[in-house]
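# What would the 3D arrangement of this be:
(one chain, ligands or ions: 1)
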Amino acid sequence: MYYNENTVIYFNGAFVKAAAASTDLYSQSLHYGYAVFEGIRSYRVDNGTKIFKAAAHFDRLRHSASVMKIPFTYTTAQLTELSYEVLKQNNFTDAYLRPLVFCSPNMGLSKGKASYLAIQAWEWTNGYLANKMRLMTSSYQRPNPGAFHIEAKVSGHYVNSILACQEAKDNGFDEALLLDANGFVAEGPGANIFFEKENVLYTPAKGNILPGITRATVIEICNGLNIPVEEKYFTVADMKEADAAFYCGTAAEIVEIASLDNVPFKLNWEDSLCAVIQKAYRCKVLEQQFKPSLETA
Ligand code: PMP
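So this is what the prediction gives:
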């Protein structure tokens, strides 16, 4: 359950009880997936609660609304302030924030006439210690960038994610790995992918993926630690030759991938650069100093 009778959300200009909030069944968003959203985390840090990369997330939300031609006038500063207030009203520190911008009643296929903003939040502490994942190459491709604004976080795109994730689970795997329309590795249903090979990190180039904020943070961490990182196109066969790999995203942070199509990665996770990056990411979200150990770095 994401809320109880005490949970407060921000909804269209007011802080209201989640249980009492309602919406119109004739919303364009409900019928056509025509809505945009974000997934954001807040962490308990020394001097209170900090929303990690708030500006990057709210800038992306505004970008998503703009390319989808959904009218949306909130600024990044306003969205950040409202989100802190949602956390405060619920007494949350470690939490997941879900701002959703959806459209007014309209059964037509023209652009949205008005939008509503909901900012929901629920407590969230896991991520870092999530289990190792066993991936399956999906039979579903990521949406074609010629057909969608793939760099935007649009609700309708997640129909593709649900298909791929469920297919993987139905086949006894934890998660899917989706390819792009050209057959190169793209991303997971809700995460970007990195792999390590001979002390170099690789991740799919932009163009066919949601270029994640966590992905950008990982690249930043690699640069700071002098770990070479390359953005390029590669195949499933290339990935199966990798030493180690991880999924990254706001919700899950950095999660070890144990195998792809039952082919295990070669390195012990603890001996990989991926594990160093995982620890450095944790330090970054908690605003702590990261000290790489000499054995692993
Ligand atoms: N790809 C997809 C399809 C996603 O849904 C997400 C999660 N937002 C990501 C990548 C990772 O993005 P971020 O690091 O910004 O959460």
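# give the contact list for whatever residue of the stretch 51-200 of the chain ends up closest to the ligand.
Here the stretch 51-200 of the chain gets closest to the ligand at one residue, Gly190, 3.8 Å apart by CB to the nearest ligand atom. The way it works is simple: take the backbone N, C-alpha and C, and place the C-beta from them, glycine included. Each residue near Gly190 by CB atoms under 8 Å, 6 or more residues apart in numbering is listed here: Gly39, Tyr158, Ser161, Cys165, Gly249, Ala251, Ala252.
# can you tell me how far the fourth one sits from Asn47?
To tie it back to what came earlier, the one meant is Cys165. Per CB to CB, to the nearest Å, Cys165 is found 37 Å from Asn47.
# between those two, who's got more neighbours?
A direct count of neighbours by other CB atoms under 10 Å for Cys165 and Asn47 places Cys165 higher, at 21 against 6.
# tell me which residues in the one helix or strand the more buried one maps to are buried?
Cys165 belongs to helix 158-170 when assigned by DSSP states H and E. By neighbour count with 16 or more other CB atoms under 10 Å, helix 158-170 contains the buried residues Asn160, Ser161, Leu163, Ala164, Cys165, Glu167, Ala168.
# how far does it sit from the chain's center?
The chain centroid and the centroid of helix 158-170 are separated by 16 Å under CA atoms, centre = their mean, to the nearest Å.
# next one: stretch 148-161
Distance of stretch 148-161 from the chain centroid (CA atoms, centre = their mean) equals 12 Å.
# Please apply the same query to stretch 19-29.
25 Å.
# Please identify the buried residues of that stretch?
Residues Ala21, Ser27, Gln28, Ser29 are the ones in stretch 19-29 that count as buried (16+ other CB under 10 Å).
# same thing with stretch 98-117?
Arg98, Pro99, Leu100, Val101, Phe102, Cys103, Ser104, Asn106, Gly112, Ser115, Tyr116, Leu117.
# Can I get those residues in CSV including secondary structure, pLDDT and distance to Asn144?
As requested, those are exported to CSV (DSSP: H, G, I helix; E, B strand; the rest coil; pLDDT from 0 to 100; distance: CB to CB, whole Å):
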residue, secondary structure, pLDDT, distance to Asn144
Arg98, strand, 98, 27
Pro99, strand, 98, 27
Leu100, strand, 98, 25
Val101, strand, 98, 24
Phe102, strand, 98, 24
Cys103, strand, 97, 24
Ser104, coil, 96, 29
Asn106, coil, 96, 26
Gly112, coil, 94, 23
Ser115, strand, 97, 26
Tyr116, strand, 97, 29
Leu117, strand, 98, 29
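# Thanks a lot, see you next time.
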